[in-house]
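Asker: task: produce atomic coordinates for the following.
(6 chains)
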There are 4 protein chains.
Amino acid sequence: MAGMATGRTAVGKKTRMQRSEEVRDTLFQAAAEVVGEYGYIDASITRITQRANLAQGTFYNYFASRQEIFDELLPVLGAKMLAHIRQQAGGAKTFLEKEELSFRAFFSFLKRMPYFLRILNEAEIFAPKAHRQHFRNITAGYLRFLQNARKNGEIAALTDEALEPLVYMLIASRGYLALRYTDENGVVNLPEEAVTVYLQLLGDGLTQRAPKG
Amino acid sequence: MAGMATGRTAVGKKTRMQRSEEVRDTLFQAAAEVVGEYGYIDASITRITQRANLAQGTFYNYFASRQEIFDELLPVLGAKMLAHIRQQAGGAKTFLEKEELSFRAFFSFLKRMPYFLRILNEAEIFAPKAHRQHFRNITAGYLRFLQNARKNGEIAALTDEALEPLVYMLIASRGYLALRYTDENGVVNLPEEAVTVYLQLLGDGLTQRAPKG
Amino acid sequence: MAGMATGRTAVGKKTRMQRSEEVRDTLFQAAAEVVGEYGYIDASITRITQRANLAQGTFYNYFASRQEIFDELLPVLGAKMLAHIRQQAGGAKTFLEKEELSFRAFFSFLKRMPYFLRILNEAEIFAPKAHRQHFRNITAGYLRFLQNARKNGEIAALTDEALEPLVYMLIASRGYLALRYTDENGVVNLPEEAVTVYLQLLGDGLTQRAPKG
Amino acid sequence: MAGMATGRTAVGKKTRMQRSEEVRDTLFQAAAEVVGEYGYIDASITRITQRANLAQGTFYNYFASRQEIFDELLPVLGAKMLAHIRQQAGGAKTFLEKEELSFRAFFSFLKRMPYFLRILNEAEIFAPKAHRQHFRNITAGYLRFLQNARKNGEIAALTDEALEPLVYMLIASRGYLALRYTDENGVVNLPEEAVTVYLQLLGDGLTQRAPKG
DNA sequence: AATGAATGAGGATTCATTCAT
DNA sequence: TATGAATGAATCCTCATTCAT
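Answerer: Numbering: from 1, shown residues only, chains lettered A, B, ... in the order given. Below is the predicted model of the structure:
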């Protein structure tokens, strides 16, 4: 039995379910690209299915409506983003190290998935439910991370009420920086200084004269 | 006074140009409200002119297209925002004082103009040119302000290349906090802790143990 | 003032409202014809507006939806039918006379408005609300007429509970006969014998041997 | 018995043809139910095959098109109706007796096959050929019956030209009464008065003062 | 300048039918 | 023969924009 391709029958023939999964993925990928390139508004079913090399009607064998695929875009890709960040920041020891790694990881993810940023940003308008959910995910995790750092004495003893706005500020920073340093081709190019100043803010703030000893 | 083109003629009668300006303003104000309430997508010409108590066709006597009025929304209102912030933060002496005042001023502006936030946020998608221009305005001024503070030794000696991303991070923070603390009725309600933590980031950062002496 | 065309301004110019009414009528008439020829199912907006020599979009300036105009067809034309029948049967004295005249009037109306029969029949399926209302109108009037004839001793002393099914049977007869004697071009041609036998049923029934004296 | 094409092979195994017949029947029955419940318009292939617990494609192994099964519905079920009526009215002696029995039989058939009425009525629109054929069947038989009664002197000596419209009127009466007295659940409930008045029309008509002696 | 009706391009969606497995 | 995915034609409806009055 060794070497038998999982889910395949006999020799190289795919099962119907596999084929079906593949087509669905093709549509999903096409939608992600089209939304990334043209925005949700101009991501018509025509465009999506053309990109996927399928007939318009085929779309509706896999998604109940245009909105349905829109609502699925962010959750799926957002999870990938989180996975990527976790993987990249996994080895970090200190708070600042972890911050740096996950900060950088966000941008390296955008490099790999240039269309993600637009999907993320426009989701607030075109897939608000998905967007809210995504933010809840992100912020909840981030909040726990900060609470931990606080417990360990790695950051100042801020109340939970202060931590939450802090989370929003940090996420906001990433988002706007990504926007700012993405060129017209959708390629992000973050200057190293952005990392430095982000970490400085987190570290010693702006007004200190001398580094902490 | 007779024959004077601008101003009023004799007794309370408005000149043609004044009348025209008024109608244009009415449309502009209507558009701002409608976009604020329904978003650009659902800000149809029908809705805008209805709100302005005018006929659909009248719109095109004042604006060449729907996009044109969309493109005008942010520049005009953004200027108002800047004026408000400058006026509020005018008396501040130190860097942090000025930051606090203008930070608060942003939110007090939103209280007065609840529809501004949506206009601002969605402009990125629906009036990208205006959005870019608005950001250039904002960031340029902010940058000068930070350069000044740097010259005065009020903040760390960061390079210009670091200052620019910093500007984006600070503006981003305001934007996301506004979004986060705006309720479903469009009313913003910023917790005091948000101000505190914003200023702490700017001041001493997160990781310090003891306040600077 | 004599001779002044009502609703017209000055010389031959129509007011906007008049134009509007006319266009609406044109659409209504087009819809009636198209439904009469092709049935509701194939009465697409395209067909209706083409027949009216108008653009598709114009339709929606006058009717909120396709269903809306469908729902209006029967009430309007049904009222015309009733008016025609009343006018034709007005002079009748006796019960049977009135029956004969209105029976004939139904068919003469169909001659004038060949598309009415299909509109009426298919309305049961495609405009059920309008159809129910139409039937309530028709049957209510018919019932009162029979009650009157009963009071005057012109027909047998049937209970109200018997009168109602009777009404349905009489209306049914007209409807099916119309269907039966309408050719493929939509032209109705009722044989005189149909009138005779209808009246005989009402009069003496079928099983009598000799006419009543 | 081995090798016999029709019937069953040996032990309970069905022949291919039997199996095939069964599937076809399943589809037919499913279609009848679905049309009865939702009407022809909403009797999609999806619905029909789902009701039959078969895949969509299977449908086309047994029927060339959706229209084909629609065209088959009324002939098959109409024959059942006729059989039922004949069986119920078989024992009747006189004309009026037979009329009463078959009149009642029509309604008892509807009680057993609630979906028949809708199939019958809507067939005029959605399966016009079948509908015409069905009517030819029905009316031809009815006509012979009336001609017989005429020959026997049981009814008035009407010409054939008068008999035909009469047939339509009688059938029409049943149809409309069924419609009128069917509730929203598709259950028919004919008041006894309807029978009475139907028979009175046939018997002595409406205008007689005293019953025939 | 104000009006509001006319226009028609464009897009989502449905569903009978085909077809490869 | 059964399956169910793929197809694409067809249709309703929206709305920015134009234009005659």
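
Asker: what about the strands in chain A?
Answerer: Listed in chain order, the strands of chain A (DSSP state E) span A:8-9, A:13-14.

Asker: averaging pLDDT over each of these, which comes out lowest?
Answerer: Here the lowest mean pLDDT among the strands of chain A goes to strand A:8-9, at a mean of 48.

Asker: outline the domain layout of chain A.
Answerer: For chain A, automatic domain parsing gives the domain ranges A:14-63, A:66-213.

Asker: mean neighbour count and distance to chain D added to those domains, as CSV?
Answerer: C-beta coordinates here come from the backbone N, C-alpha and C atoms, glycine included. Below are the domains of chain A laid out as CSV (neighbours: other C-beta atoms under 10 Å in any protein chain shown; distance: least, C-beta to the nearest C-beta, whole Å):
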stretch, mean neighbour count, distance to chain D
domain A:14-63, 16, 11
domain A:66-213, 17, 19
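
Asker: can I get the ones you listed in TSV including distance to chain C?
Answerer: Output for the domains of chain A, formatted as TSV (distance: least, C-beta to the nearest C-beta, whole Å):
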stretch	distance to chain C
domain A:14-63	20
domain A:66-213	22
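
Asker: let's have those domains in a markdown table, adding distance to C:Ala32.
Answerer: Formatted as a markdown table, these follow (distance: least, C-beta to C-beta, whole Å):
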| stretch | distance to C:Ala32 |
| --- | --- |
| domain A:14-63 | 34 |
| domain A:66-213 | 36 |
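
Asker: how about those, which one is nearest C:Leu73?
Answerer: domain A:14-63 (32.5 Å; C-beta to C-beta).

Asker: centre of the chain to that closest one, how far?
Answerer: The chain centroid and the centroid of domain A:14-63 are separated by 20 Å under C-alpha atoms, centre = their mean, to the nearest Å.

Asker: now do stretch A:113-129
Answerer: Per C-alpha atoms, centre = their mean, the centroid offset for stretch A:113-129 relative to its chain is 9 Å.

Asker: does that stretch reach chain B?
Answerer: Yes - applying C-beta under 8 Å from any C-beta of the partner chain, one finds stretch A:113-129 touching chain B at A:Asn121, A:Glu122, A:Glu124, A:Ile125.

Asker: from the residues you listed, which two are the most distant?
Answerer: With C-beta to C-beta as the measure, no two of the residues of stretch A:113-129 next to chain B lie farther apart than A:Asn121 and A:Ile125, at 8.7 Å.

Asker: overlap in contacts, those two.
Answerer: Residues within reach of A:Asn121 and of A:Ile125 at once, by C-beta atoms under 8 Å, 6 or more residues apart in numbering or on different chains, are B:Ile125.

Asker: so how far is DNA strand E from the closest residue to A:Arg112 other than its chain neighbours?
Answerer: The shortest distance from A:Arg112 to any non-neighbouring residue, by C-beta to C-beta, 6 or more residues apart in numbering or on different chains, is to A:His84 (7.7 Å). To DNA strand E, A:His84 is 30 Å away according to C-beta to the nearest atom of the strand, to the nearest Å.

Asker: isn't A:His84 right next to A:Ala105, touching?
Answerer: Yes - under the criterion of C-beta atoms under 8 Å, A:His84 makes contact with A:Ala105 at 6.0 Å.

Asker: in CSV, could you pull the C-alpha coordinates for stretch A:113-133?
Answerer: C-alpha atoms of stretch A:113-133 as CSV (Å, rounded to 0.1, in the frame of the first residue of the first chain):
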residue,chain,number,x,y,z
MET,A,113,0.4,37.6,-1.2
PRO,A,114,0.3,41.0,-2.7
TYR,A,115,-3.5,40.9,-3.1
PHE,A,116,-4.1,40.4,0.6
LEU,A,117,-3.8,44.0,1.6
ARG,A,118,-6.6,45.2,-0.6
ILE,A,119,-8.8,42.3,0.4
LEU,A,120,-8.2,43.1,4.0
ASN,A,121,-8.8,46.9,3.7
GLU,A,122,-11.8,46.8,1.5
ALA,A,123,-13.4,44.0,3.5
GLU,A,124,-14.4,46.6,6.0
ILE,A,125,-16.8,47.9,3.4
PHE,A,126,-17.7,44.9,1.3
ALA,A,127,-17.5,42.1,3.8
PRO,A,128,-18.1,43.8,7.1
LYS,A,129,-19.0,40.7,9.0
ALA,A,130,-15.9,38.9,8.0
HIS,A,131,-13.9,42.0,8.7
ARG,A,132,-15.2,42.3,12.2
GLN,A,133,-14.6,38.7,12.9
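
Asker: can that stretch be said to contact DNA strand E?
Answerer: No - if you take C-beta under 7 Å from any atom of the strand as the test, stretch A:113-133 misses DNA strand E, and the best it gets is 11.2 Å.

Asker: so does that stretch get close to DNA strand F?
Answerer: No - applying C-beta under 7 Å from any atom of the strand, one finds stretch A:113-133 separated from DNA strand F by no less than 14.7 Å.

Asker: residues touching that stretch, excluding its own?
Answerer: Contact with stretch A:113-133 is made by A:32-33, A:35-37, A:39-41, A:67, A:70-75, A:77-78, A:80-81, A:109-110, A:134, A:175, A:178-179, A:182, A:185-188, B:39, B:41, B:121-122, B:124-125, as judged by C-beta under 8 Å, 6+ apart.

Asker: now, which of those lie within helices?
Answerer: Members of these lying in helices (criterion: DSSP state H): A:32-33, A:35-37, A:67, A:70-75, A:77-78, A:80-81, A:109-110, A:134, A:175, A:178-179, B:121-122, B:124-125.

Asker: helices of chain A, start to end?
Answerer: A:16-38, A:45-51, A:56-62, A:66-89, A:95-112, A:116-126, A:128-151, A:160-180, A:192-203.

Asker: just put those in CSV and tack on mean pLDDT.
Answerer: Converted to CSV, those look like this (pLDDT from 0 to 100):
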stretch, mean pLDDT
helix A:16-38, 94
helix A:45-51, 97
helix A:56-62, 97
helix A:66-89, 97
helix A:95-112, 96
helix A:116-126, 96
helix A:128-151, 94
helix A:160-180, 95
helix A:192-203, 93
